[in-house]
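> Below is the sequence, then the predicted model.
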Amino acid sequence: MKYFYDLHLHSCLSPCGDMDMTPNNIVNMAKILGLDVIALTDHNTSLNCKAAMEAGKEIGLLVIPGMELTTSEDIHAVCLFPTLEKAISWSEYVDERRIKIKNKAEIYGRQVIMNNSDEEIGEIEALLLPSSNISIMEAYSKVKEFGGICYPAHIDRDSYSILSVLGEIDEYCGFRTAELADKSKESELKELHPVLNNMKIVTSSDAHYLENMKEAENFLELDELSAEALIKYLDS
Ligand SMILES: [Zn+2]
Ligand SMILES: [Zn+2]
């Protein structure tokens, strides 16, 4: 079956995520847009995934717990997990391995943790944007140890992407999937970087605002709609 997805979304927990990106607003907007499955991928944390998964369950939308990791090279990579427990373990692991400077909410934005009723239940003090000490070379295998999958985010962008930083996707990184921000660049990039021909390509919105979430357009063919099935597919 075809399932429409958006596997890169930020909530109000990302400093750059709009305060309207609450768990319920995100899942309801996803439903309106016709999506079957979304992933919540805040910068270097998975602490709003529980609320988003619960809010999604209420309306019959699959929410995959995830994170957008900042590697030691300042490369962004999407991490997805089959269960909340695995995502939280990974989130704790990353939390111990990232640069901690106090967030200036008036400059970068607040970092709010919510429950499944969109009530504030906490705020992360240390700015979530700076890099971790996990390198792009080890990201895939490290996330795999935690039961998830990791792939480079928005590889066609000029900043925080594997191609803008390294110029190449080294096959030793082990990535099986790559994310494009702009699907129309797929064939051009595949010509420049043949390694992409052996990888799954996904396109997601990377929305930080409700109005930047996109209509259902990109789909995956899966036997069943589950986090396990989706991750297995992207990792094959
Ligand atoms: Zn990014
Ligand atoms: Zn992002």
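Yep, that arrived. Ligands and ions are numbered 1, 2, ... in the order given.

> Show me which positions of stretch 221-236 end up buried.
Along stretch 221-236, these residues count as buried under the neighbour rule (16 or more other CB atoms under 10 Å): Leu222, Ala227, Ala229, Leu230, Ile231, Tyr233, Leu234, Asp235. In this view, the C-beta of every residue, glycine as well, is placed from N, C-alpha and C.

> Please, where are all the helices along the chain?
For the chain, the helices defined by DSSP state H cover 23-32, 49-59, 84-95, 105-108, 136-145, 162-166, 186-192, 227-234.

> Quick check: the most far-flung residue of the chain relative to its centre vs ligand 2, distance?
For the chain, the largest distance from the centre (CA atoms, centre = their mean) belongs to Glu191, which lies 25.9 Å off. Separation of Glu191 from ligand 2 (CB to the ion, to the nearest Å) stands at 26 Å.

> Closest one to Ala77 out of the buried residues of stretch 221-236, please.
Leu234 (12.9 Å; CB to CB).

> right, and that closest one touches Ile149 too?
Yes: the criterion here is CB atoms under 8 Å, and Leu234 meets it with Ile149 at 5.6 Å.

> Common neighbours of those two, please.
Common contacts of Leu234 and Ile149 (CB atoms under 8 Å, 6 or more residues apart in numbering): Leu80, Arg176, Thr177.

> residues in contact with the second one?
It refers to Arg176. Residues in contact with Arg176 (CB under 8 Å, 6+ apart) are Ile149, Tyr151, Met199, Lys200, Leu234, Asp235, Ser236.

> From Pro152, how far off is it?
Note on Arg176: its distance to Pro152, by CB to CB, to the nearest Å, is 11 Å.

> now swap in the first one and tell me
According to CB to CB, Leu80 and Pro152 sit 13 Å apart.

> Please put the alpha-carbon coordinates of stretch 124-137 into CSV.
This file holds the C-alpha atoms of stretch 124-137, laid out as CSV (Å, rounded to 0.1, in the frame of the first residue of the first chain):
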residue,chain,number,x,y,z
ILE,A,124,14.9,22.7,28.2
GLU,A,125,17.5,25.2,29.5
ALA,A,126,20.5,24.4,27.3
LEU,A,127,20.2,25.5,23.7
LEU,A,128,19.4,22.5,21.5
LEU,A,129,21.1,23.7,18.3
PRO,A,130,24.8,23.2,18.9
SER,A,131,26.6,20.1,17.8
SER,A,132,27.0,16.8,19.6
ASN,A,133,30.3,15.0,19.7
ILE,A,134,28.9,12.2,17.5
SER,A,135,30.6,12.2,14.1
ILE,A,136,28.8,11.6,10.8
MET,A,137,31.0,8.5,10.3
